[in-house]
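*Asks:* Show me the folded form of this:
(3 chains)
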Amino acid sequence: MSTDTGTECAERQIMYREALNEALREEMLRDETVFLLGGGIGKRGGSYKVTVDLLDEFGPKRVIDAPISEASFTGAGVGAAITGMRPVVEILFVDFTSLIIDQIVNQAAKYRFMSGGRGRVPMVLRTQGGSGNGLAAQHSQSLEAWYYHVPGLKLVMPSTPYDAKGLLKSAVRDDDPVIFIEHKLLYMENGPVPEAEYTIELGRGDIKRSGRDVTIVAWSGMVSRALAAAESLACDGIQAELIDPRTLVPLDKELILESVRKTEHLVIVQESVRRGGVASDIASVVQAEAFDYLDAPIEIVAGRNTPIPFNVNLERASVPQEPDIVEAVKKAVYAK
Amino acid sequence: MAKPIIMPQIGQDVETGVIVEWRVKENDYVNKGDVVALVESDKATFEVEAYESGVLLKLLYDAGTEVKVLAPIAYVGEPGESIEEPQAARGSLKAEGFGDGFSKVSHPRAAIETATHDQQSRAGVSVSPSAKRVAREHGIDLSKIQGTGPDGRILKQDVLAAIPVAAAGNERKMKALIFDCDGVLADTERDGHRVAFNKAFAAKGFVIDWDFELYGKLLEVSGGKERMRHYFDHYGWPDDVSDSDALIKELHKLKTDFFLQIIESGEMPLRPGVARLVDETIAANITLAVCSTSHERAVNLVVEKLLGPERKAHFSAIFAGDVVSKKKPDPEIYKLASQRLGLEPSECVVAEDSRNGLLAAKAAGMYCIITTNGYTENEDFTEADLVVSELGDEPNIQATLEQIERIVEGG
Amino acid sequence: MYSREFLEQLYRTIYTIRNFETQCIKLYRQGLIIGYFHPYLGEEAIATGVCTALRKDDYIVSTHRGHGHCIARGGQLKKMAAEVLGRETGYCRGRGGSMHIADPETGNIGANGVVGGGIPIGVGAGLGISVRGGNQVVAIFFSDGASNNGVFAESLNLAAIWDLPVIFVLENNQYAVSSPIEEMSRIPDLHKRAEGYGVEASMIDGNDVLAVFEETQKAVRTCCDGKGPVLIEAKTYRHGGHHVNDPGLYMPKDKLEYYKSHDPVTIAREHLMSRSDCNEQDIAEIENGANQAMSEAVEFAKNSPQPSVDSFLEEVKQN
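*Replies:* Below you'll find the predicted structure:
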């Protein structure tokens, strides 16, 4: 039986950023109300090359280079969305979304509700986060918790090229604002992506690896680290089941709960700082709804309580690495 | 009834206003819109106007009185009309419910009570929620358990180990009953996959029907996509197919969704005798498990929907999906099961429906009974410990737990 | 030059706005409207003049002081009254309130509770028009207070570099809450800022509805010719404090007197009487009609049901 893990027959391998590019292109061909807005996305093709060649194909009316005035061009996205368009706005670093908070939190997220349901904001806000490139404190954060917390937003964080393409297409087609957070270390990662068109429903998680002994929940840049940890643990006879929620809001809660009821051990891995992060919320949901199925306390492996340092070793030490995940799993299953 | 003139709302968090002066006397006639009084908050002065015309029947308070906002201060109406008695609305008012600020008396914390509805562990020893659940389900006294977790925490495995083995006399030799899924728990090929394929064809508007016999032949091709491709190659592709790969993929996705829907709906029945045998096994406190190389989600759904969540809870393990790399007849999955269940292979009995399954179980050193189905009845089951066409329900029971146990006891 | 019908409609609109705000203040004092209420008293000519120059398929974005714009765009009094009373029958089912009233049918993207929050949204509507094609325009209402916010500068620039069909209507009522414009800006004639962005700008008497109308007509033509955006600074004055609980004690009495004597309702009435054969009786008829409509709206609102808490809890469970 096929799942949507993209492991079906021999598929071509393309990069995460290419998969995103294809998604944008396909959606722009399919629907002329879709247009792109961001700094340097047109002529330059985007700093991470996600929007290459789209200006040539669709022209400057649909691939719009904006000045460094994030609040206003994000707000422009909101206004265009309210009045019948489907803009995809890019903010180059999630760290800079601090500049657009009003338009996202007070305007986009609330417009549908405040208008009694008559108004919609079908906008996608694309951005990227994560550490590992020595870009230091203001260019390396993982800030998904900010948007996880606001009613009226959807929040998506793909970890593979397959997931990225399918989810971005669905995000564009969604009638509500979607915060789509990519990861800077994943842009050049290859993965299988079918030629044929497909979408991935928002709110459906994915079992990246099946196992019986412990459930690991991880997303975005942490998925590959968790997968590597799982392989290493298998050598010690510990079979980990890896769940990638893919969409954080709405969360595929049942998928996680089902897994925990089976394994009775849970480890959650997140790159962002532990305090007030999404992992803590997932842990609280699991303890509330699968309390009788926990044979050990829930382990959370998370970023340390610090801005991301510049020095590469300090940077590495600030966020979860494979050995940290292995250690947490062993603790959860009482292994020596 | 006379209509009230109220102290207006004159500020965001303002609770009272003061009547500065009256502009009218009792028994004056007032017109709608006339200013009848001046009131003030601590910030500003406001005019109070009459919202109705009529005779000023009563002024409730003298000038200078502080009155609660929105409370009546006068009444307007026809002479002789009755007036509601004002509620106590004057004087200085505090928000209700808090008295003089928050309670200043500190209460000693109530002694923390340990949960008495669960079995009590020894004082100071922690018990994991999973362990508590299993103890509850099996009536185990936690105070008798030695925990193997950190600081002596009692874990699920500790409670499982304490579940008593059966009745007086010989210690039971059979400790586990392991079911294959497809074809054993339910006729998934005939009633599930086959039906799902047909629904997928119908959804695409193709007039194709894989009946029982045809499907039996097609089962020789393993893999759903390969099976469909094989069918089209031999019986002809539908008209106007430009991209056969895409069509196969689409059909397969449809088929998968339909298959899960069929299971989800409970349309597909358990094979006769399965529920009965599972219940007998639960009653005897023998371990239950499932070993299948089919997709994880589907297997779990079959157990959940067809056996029900209560029976499912008694299964110690469901091994499915890609949990092993080698499929049956390789014994890897059964070896994994015995290892995980902590049992010797010779203590385990497997229920299978095919030769591949039989070979896998035997290679792992386990006992194996066979329930044949329409698609496997002609296979070679020489090595099996028992072969029946179905486990069976009344009046056609063909295999009971007792019979199976006797096989194991016999050695 | 203007038909009697046209002038009557202008007067009717201004009077209706004045009446709506006045009656709502009374409802507030009776405890039927709660929270924040920001009356548009004294500024009615701007919303009326601008909206009259727009087409049905144009868009507007307004401010926290947005009832006047909603009415001028053809908003229904009953739904507006019900909304400010928080009832289920209101424009936003009681969930938006005074500061967030929106009406897609009249191209009213909405009032906004964040000062300046609507400006980029209006630019966005303009961007949509530019991408799709067509000659709709957008009128963005904002205040002198908002003109000091970062998004105003950014939005002006974006509209300029992308030649968007946007009319920035700066309602300079000379106070940002309680801060007078002379203290908040070195140059109180705020339209001068537009020059730095290459945007055509003008300043007019915001209390004269015909002046507002004529200037807006020019701006609409400019935008439709693809030469937008345009900024119009309309000078006006509030008749009271920032909101219904602010007595506005910081507003100098003489200035207030001056602007009250230069009342937009009076000016509109004078236009009507001097430029057509309308007389006192006709005016009274118009006013009675408006009063009647408002009474009906208030009755409707008062008799409307509160939103159901149970339904609300069900709705939010899905989120």
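*Asks:* alpha carbons only for contacts and neighbour counts from here, please
*Replies:* Noted.
*Asks:* For residue 213, give me its contacts.
*Replies:* Picked chain A for this. Going by CA atoms under 8 Å, 6 or more residues apart in numbering or on different chains, A:D213 touches A:238-241, A:263-265, A:333.
*Asks:* actually it's chain C I care about, not the one you picked
*Replies:* Counted by CA under 8 Å, 6+ apart, C:F213 has contacts C:48-50, C:52-53.
*Asks:* for these, which one is nearest chain B?
*Replies:* Closest to chain B out of these is C:T48 (27.4 Å), distances taken as CA to the nearest CA.
*Asks:* host element of the closest one?
*Replies:* Take DSSP states H and E as the rule and C:T48 turns out to sit in helix C:44-52.
*Asks:* Point out where chain B drops to low pLDDT.
*Replies:* Where chain B drops to pLDDT under 70, the residues are B:84-122, B:165-170, B:411.
*Asks:* Got the domain ranges for it?
*Replies:* As given by automatic domain parsing, the domain ranges for chain B are B:3-77, B:129-161, B:176-186+B:269-409, B:188-265.
*Asks:* can you put those domains in CSV and add distance to C:V115?
*Replies:* Formatted as CSV, those follow (distance: least, CA to CA, whole Å):
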stretch, distance to C:V115
domain B:3-77, 20
domain B:129-161, 52
domain B:176-186+B:269-409, 51
domain B:188-265, 50
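*Asks:* Tell me which of those domains approaches chain C most closely.
*Replies:* Closest among the domains of chain B, using CA to the nearest CA: domain B:3-77, at 4.3 Å.
*Asks:* Now do the end-to-end distance for the closest one.
*Replies:* Terminal residues of domain B:3-77 are spaced 6 Å apart (CA to CA, to the nearest Å).
*Asks:* Name the residues of the helix ranked longest in chain B that come out as buried.
*Replies:* Determined from DSSP state H, the single longest helix within chain B is helix B:244-265. For helix B:244-265, a neighbour-count test (16 or more other CA atoms under 10 Å in any protein chain shown) marks B:248-260, B:262-264 as buried.
*Asks:* Only alpha carbons, please: show it as PDB.
*Replies:* Presented in PDB, the C-alpha positions along helix B:244-265 are these (Å, rounded to 0.1, in the frame of the first residue of the first chain):
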ATOM      1  CA  SER B 244       0.300   5.100 -18.300                       C
ATOM      2  CA  ASP B 245       2.600   5.700 -15.300                       C
ATOM      3  CA  ALA B 246       0.500   8.500 -14.100                       C
ATOM      4  CA  LEU B 247      -2.700   6.500 -14.500                       C
ATOM      5  CA  ILE B 248      -1.300   3.500 -12.600                       C
ATOM      6  CA  LYS B 249      -0.100   5.800  -9.800                       C
ATOM      7  CA  GLU B 250      -3.500   7.500  -9.700                       C
ATOM      8  CA  LEU B 251      -5.400   4.300  -9.700                       C
ATOM      9  CA  HIS B 252      -3.200   2.900  -6.900                       C
ATOM     10  CA  LYS B 253      -3.700   6.000  -4.700                       C
ATOM     11  CA  LEU B 254      -7.400   5.700  -5.200                       C
ATOM     12  CA  LYS B 255      -7.300   2.000  -4.400                       C
ATOM     13  CA  THR B 256      -5.300   2.600  -1.300                       C
ATOM     14  CA  ASP B 257      -7.800   5.200  -0.100                       C
ATOM     15  CA  PHE B 258     -10.700   2.900  -0.900                       C
ATOM     16  CA  PHE B 259      -9.100   0.000   0.900                       C
ATOM     17  CA  LEU B 260      -8.600   2.100   4.100                       C
ATOM     18  CA  GLN B 261     -12.200   3.400   3.800                       C
ATOM     19  CA  ILE B 262     -13.400  -0.200   3.600                       C
ATOM     20  CA  ILE B 263     -11.600  -1.100   6.700                       C
ATOM     21  CA  GLU B 264     -12.600   2.100   8.400                       C
ATOM     22  CA  SER B 265     -16.200   1.500   7.600                       C
END
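*Asks:* I'd like the domains of chain B as CSV, with distance to chain C appended.
*Replies:* Output for the domains of chain B, formatted as CSV (distance: least, CA to the nearest CA, whole Å):
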stretch, distance to chain C
domain B:3-77, 4
domain B:129-161, 28
domain B:176-186+B:269-409, 25
domain B:188-265, 22
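*Asks:* picking that back up, which secondary structure elements does the next helix or strand after the longest helix of chain B sit against?
*Replies:* For helix B:244-265, the succeeding helix or strand toward the C-terminus, using DSSP H and E, is helix B:274-283. Where contact means 3 or more CA pairs under 8 Å, 6 or more residues apart in numbering or on different chains; DSSP states H and E, helix B:274-283 is packed against strand B:287-291, helix B:401-409.
*Asks:* tell me the most buried of these?
*Replies:* strand B:287-291 (a mean of 22; mean count of other CA atoms under 10 Å in any protein chain shown).
*Asks:* B:E213: neighbour count?
*Replies:* B:E213 is flanked by 12 other residues according to other CA atoms under 10 Å in any protein chain shown.
*Asks:* looking at this, it is in a helix?
*Replies:* Yes. The assignment for B:E213 is a helix, going by DSSP: H, G, I helix; E, B strand; the rest coil.
*Asks:* Any part of the strand or helix carrying A:G79 near chain C?
*Replies:* Assessed by DSSP H and E, A:G79 sits inside helix A:70-82. Yes. Helix A:70-82 comes into contact with chain C (CA under 8 Å from any CA of the partner chain), by way of A:71-82.
*Asks:* in the stretch 201-319 of chain C, what residue is nearest chain B?
*Replies:* For the stretch 201-319 of chain C, CA to the nearest CA, closest residue to chain B: C:N245, 4.9 Å.
*Asks:* Verify the stated contact: that residue with B:G11.
*Replies:* Yes. The pair C:N245 / B:G11 is scored as a contact, 4.9 Å apart, by CA atoms under 8 Å.
*Asks:* Pop out the phi and psi values for the residue of the stretch 1-150 of chain C found nearest chain B.
*Replies:* Closest residue of the stretch 1-150 of chain C to chain B, CA to the nearest CA: C:R29 (4.3 Å). Dihedral angles phi and psi of C:R29 (degrees, to the nearest 10) take the values phi -60, psi -30.
*Asks:* Who are the contact partners of it?
*Replies:* Contacts of C:R29 (CA under 8 Å, 6+ apart): B:8-10.
*Asks:* Residues contacting the helix holding C:T48, please?
*Replies:* Contacts of helix C:44-52 (CA under 8 Å, 6+ apart): C:10, C:13-14, C:17-18, C:68-69, C:72-73, C:139, C:171, C:206-214, C:216, C:234, C:264-265.
*Asks:* contacts for whatever helix or strand comes next after that helix?
*Replies:* Counting by DSSP H and E, the element after helix C:44-52 in chain order, helix or strand, is strand C:59-61. The set of residues external to strand C:59-61 that reach it, using CA under 8 Å, 6+ apart, is C:106-111, C:118-119, C:121-122, C:125, C:136-141.
*Asks:* Go again with 7 Å.
*Replies:* C:107-111, C:118, C:122, C:137-141 (CA atoms under 7 Å, 6 or more residues apart in numbering or on different chains).
*Asks:* Noted, bye for now.
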